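> build me a model from this:
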Amino acid sequence: MSRTLRVRQAQTVLPFGVGAVFDIQGESFVATGIGDWPQRAKQQVESPRLASRLGVTGFYAAPATANDRFDRPDAPGAPYIRFPSWLFCGACRRMKRWRIADEKPGLPPRCPSCSPARTLAPMRFVQICAAGHLSDIDWWFWAHSRREAGERRQCSEREKLRFLVSERASGLEALSVACTSKGCGASRDLLDILGTHGMRCSGRNPWQRANEAVECAKPVQVVQRTAGNLYYPVVHSALDIPETDVPMHADEELAGRVREHDLWVSLCRVAGTPRAAVFRTMIQEDTGADDELLDNLIAEETGQTSTTSPDFPAAPTRPDLSREEWAAFTASALPATRDFALRETTLGLAHETADPWAGIQRRIGRIILADRLREVRALSGFTRVSPDATVVPADTARRLKWLPAVEVFGEGIFLTLDKRELTDWERDTRVHQRVADMRVYLDRSFQRDRLEALTGAELSPRFVLLHTLAHLLIRQLSFESGYTTASLRERIYARAEQDQYGILVYTAAGDAEGTLGGLVQQGEPPRLAETLLRMTEASAWCSSDPLCAEHTGQGFGNLNRAACHACALLPETSCETGNTLLDRALVIGGEHVPGYFEPIVTAARAAAATALEQATR
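Numbering: from 1, shown residues only. Below is the predicted model:
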């Protein structure tokens, strides 16, 4: 029976973008580079602001996926190839190296030795390296790895293998790969398959041709094909906001002059060669740009890292896109376009004089409802093994100047804190000390460069406060409105040097969920005030307390304080920082630190106790 396998257009950027392994209906594939995308069928995605910051000419989306009614077998789409290429039969246990010539359109791979033919399953393990390469394990070498080199050379059949299961053992020890070549009989179990074993890296990814392979000396790691460290996408997103007259930073102006220089294109063409020094000197004399700025701009333009050491490449440059968005949301006259429709509202608490409602009114600033938003998400590349490893560009051939992207339409709620209340709270030495302790762990983390692109050079108390507030608000909105937490997303505006102090919670799903006004309706008075009150009351207690509230470092790299899965964490697709830099105590208070909303929690408890006392009289 013919089967249809689909990847939605939004999934071609995240989570199944270039380089990602995709499992579906018992089969496994990997997304190829954008150089293999169909040229005429791809759709242009407009985002001049994001394109300018990333140094590319534009963005394109993969062709939209057809449905059952309009399916065409030869319809163009984002290409995926079968990976791993080593498959095995669950009946006869024979292994087969599957090649493109073996593919039959509409049919899964079948075992050529069984009757009736059984569907072949992909091998569970693959190998990766920190240079971003992915390939099959050399299963023949694994089966013969405990034999001497001379004995291995006597076996001439490299594809006569079986994937066996023993009933006398359990776990990986029960699995083994055996050579069935005549007179050989070599075998080895998979007990210690994970890790490094001295295997050689192929120097390429599965979709690259053999002549594109490079010499790679990075150690190979064997992992499961669905392992978390197999794929770390580098995704950038920007809201489609109207052009403003906000002046650019000096660095941005300088970068613009460099890109407009007559010798800029020539410098990019010869980057990394001795001739580049001449062009660099002339550009620096004319523009005044320093070496660091030129290195970063060349890295953005060529897709290569700006470091001079091939063994320790620099982390990818993540441009700060928050400044223009903050200016648009906080403008005295709100801008409005077809894809950016804003209107200001209030909490509806202007006449409240008693706490906790008056306390909420004092601590919340502006409320902006976004009836329509457009977000563009672009994939610039990916890493393997760890997020700070070598970045592989989306175009592995490095010939294209555009990136794959997808546009998402939705709605959102933007709110700011009261600037005076926030400033007074930030002045407390206990607050600074608690955040300084978090900064110590951040400095030790391999995610430091990526997180600093979001937090700024200094980790400020307002960032941790606003980030945690966004998480708590999303969790509460999932109860109030029925949205799933995965369908909501955050944007944090908390750079102290740019005087930012707000958050945006908006719909992030690529389909129709959340685009009919449901989220904006939750921002109307008095719903949002009630949601904020219930949020503070709920966040004051966690099912893991007192362990969670008193924790001095939890989460990946100890980058969280009072925040766990029971109280503050979200799906990682909803969080900008990957569920790090969270602390519930800064919101509702703790034993050693005052919370920004702590007076509201105290007043709400006192009001509840008074109401209960009056009801029992």
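> tell me the contacts of Leu519?
For Leu519, the contacting residues are 410-413, 477, 481, 483, 488, 505-507, by CB atoms under 8 Å, 6 or more residues apart in numbering. Quick note: C-beta positions are derived from backbone N, CA and C, even for glycine.
> in stretch 449-467, what counts as buried?
Neighbour counts over stretch 449-467 (16 or more other CB atoms under 10 Å) mark 450-452, 454-456, 459-467 as buried.
> please read the previous query as pertaining to stretch 420-434.
Buried, per 16+ other CB under 10 Å, within stretch 420-434: 422, 425-426, 431, 434.
> tabulate those (a markdown table), appending pLDDT.
Below are those laid out as a markdown table (pLDDT from 0 to 100):
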| residue | pLDDT |
| --- | --- |
| Leu422 | 96 |
| Trp425 | 95 |
| Glu426 | 94 |
| Val431 | 94 |
| Arg434 | 93 |
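> so which of the residues you listed comes closest to Leu612?
Trp425 (30.2 Å; CB to CB).
> in a helix, the closest one, correct?
Yes. Under DSSP: H, G, I helix; E, B strand; the rest coil, Trp425 sits within a helix.
> that one and Tyr596 touch, don't they?
Yes. With contact defined as CB atoms under 8 Å, Trp425 reaches Tyr596; the gap is 5.2 Å.
> just the strands in the stretch 501-617 of the chain please.
Here the stretch 501-617 of the chain has its strands, by DSSP state E, counting those that start in this stretch, at 502-507.
> that one: helices as residue ranges?
Secondary structure of the stretch 501-617 of the chain, counting by DSSP state H, counting those that start in this stretch: helices at 518-522, 527-539, 585-588, 598-616.
> if we can go back for a sec, out of the buried residues of stretch 420-434, who's nearest Ala608?
Proximity of those to Ala608 was ranked by CB to CB; the top entry is Trp425 with 24.3 Å.
> for that closest one, what are its contacts?
431, 461, 465, 594, 596.
> can you redo these as a markdown table with distance to Thr353?
Formatted as a markdown table, the contacts of Trp425 follow (distance: CB to CB, whole Å):
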| residue | distance to Thr353 |
| --- | --- |
| Val431 | 28 |
| Pro461 | 29 |
| Leu465 | 26 |
| Pro594 | 23 |
| Tyr596 | 21 |
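> so which of those residues is the closest to Ala227?
The nearest one, if we look at the contacts of Trp425 relative to Ala227 and count by CB to CB, is Leu465, at 34.3 Å.
> in contact with Lys221, which residues?
You called it Lys, but residue 221 is Gln. Gln221 touches 127-129, 195-196, 385, counting by CB under 8 Å, 6+ apart.
> which among these end up buried?
If we count by 16+ other CB under 10 Å, the contacts of Gln221 have these buried: 127-129, 385.
> quick one on the thing from earlier: which among the contacts of Trp425 gets closest to Val30?
Leu465 (40.9 Å).
> so where does that closest one fall, helix or strand?
Here Leu465, judged by DSSP states H and E, is contained in helix 461-480.
> just the C-alphas of the following helix or strand past that helix, formatted as CSV.
Using DSSP H and E, the helix or strand that follows helix 461-480 in sequence is strand 488-493. C-alpha atoms of strand 488-493 as CSV (Å, rounded to 0.1, in the frame of the first residue of the first chain):
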residue,chain,number,x,y,z
LEU,A,488,2.3,30.5,23.3
ARG,A,489,5.6,32.2,23.1
GLU,A,490,7.5,34.9,24.9
ARG,A,491,9.7,37.9,23.9
ILE,A,492,11.6,39.6,26.7
TYR,A,493,12.5,43.3,26.6
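> strand 488-493 packs against which elements?
The contact analysis (3 or more CB pairs under 8 Å, 6 or more residues apart in numbering; DSSP states H and E) places strand 488-493 against helix 322-329, helix 461-480, strand 502-507.
> report the rounded mean pLDDT for that strand.
Per-residue pLDDT over strand 488-493 has a mean of 94.
> ok, residues contacting it?
Applying CB under 8 Å, 6+ apart, the external contacts of strand 488-493 come out as 239, 322, 325-326, 329, 454, 463, 466-467, 470-471, 474, 477-478, 500-508, 514, 519, 570, 573-576.
> which of the residues you listed are buried, as a PyMOL select command?
Here is the PyMOL command that selects only those of the contacts of strand 488-493 that count as buried (16+ other CB under 10 Å):
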select buried, resi 239+322+325+326+329+454+463+466+467+470+471+474+477+478+500+501+502+503+504+505+506+507+508+514+519+570+573+574+575+576
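> low-confidence ranges, the protein, go.
Applying pLDDT under 70 to the chain flags residues 1-4, 65-75, 244-252, 292, 299-318, 509-517.
> returning to that earlier point: pull the distance from the helix holding Leu465 to the chain's centre.
From the chain centre to the centre of helix 461-480 is a distance of 19 Å (CA atoms, centre = their mean, to the nearest Å).
> one more: stretch 210-223?
24 Å.
> and for stretch 220-234?
Centre to centre, stretch against its chain (CA atoms, centre = their mean), the figure for stretch 220-234 is 14 Å.
> now do the end-to-end distance for it.
22 Å (CA to CA, to the nearest Å).
> report the buried residues of stretch 201-218.
For stretch 201-218, a neighbour-count test (16+ other CB under 10 Å) marks 201-208, 216, 218 as buried.
> next one: stretch 289-299
289, 293-299.
> follow-up on the earlier one: so what sits against both of Trp425 and Tyr596?
The contact sets of Trp425 and Tyr596 overlap at Leu465 (CB under 8 Å, 6+ apart).
> partner strands of the lengthiest strand in the chain, with direction?
As assigned by DSSP state E, the longest strand anywhere in the chain is strand 364-383. Applying DSSP bridges, strand 364-383 is found paired with strand 232-239 (antiparallel), strand 340-345 (antiparallel), strand 392-393 (antiparallel), strand 402-417 (antiparallel).
> Pro242 and Ala341 touch, don't they?
No. Using CB under 8 Å, Pro242 is not in contact with Ala341, being 10.8 Å away.
> counting neighbours, go ahead and name the busier of these two.
Between Pro242 and Ala341, counted using other CB atoms under 10 Å, Ala341 has the larger neighbour count: 16 against 13.
> and the more buried one, what are its bridge partners?
Ala336, Arg372.
> quick one, what contacts it?
Each residue near Ala341 by CB under 8 Å, 6+ apart is listed here: 370-372.
> out of these, which are buried?
Buried among the contacts of Ala341 by 16+ other CB under 10 Å: 370, 372.
> out of the contacts of Ala341, who's nearest Ile81?
Arg372 (38.2 Å).
> distance of that closest one from Val45?
The gap separating Arg372 from Val45 is 17 Å, by CB to CB, to the nearest Å.
> again, but for Ile492
From Ile492 over to Val45 (counting by CB to CB), the distance is 24 Å.
> which of those two has more neighbours?
Between Ile492 and Val45, counted using other CB under 10 Å, Ile492 has the larger neighbour count: 23 against 20.
> quickly list what that one is bridged to.
Beta-bridge partners for Ile492, by DSSP bridges, are Ile503.
> list the contacts for Thr531?
Applying CB under 8 Å, 6+ apart to Thr531 gives the contacts 473, 476-477, 480, 522.
> let's see it at 10 Å
413, 473, 476-477, 479-481, 522-523 (CB atoms under 10 Å, 6 or more residues apart in numbering).
> kindly report the same for Cys114.
So, once contact is read as CB under 10 Å, 6+ apart, Cys114 ends up touching 89-92, 94, 120.
> and what of Phe29?
5, 7, 16, 20-23, 79-84, 122, 206.
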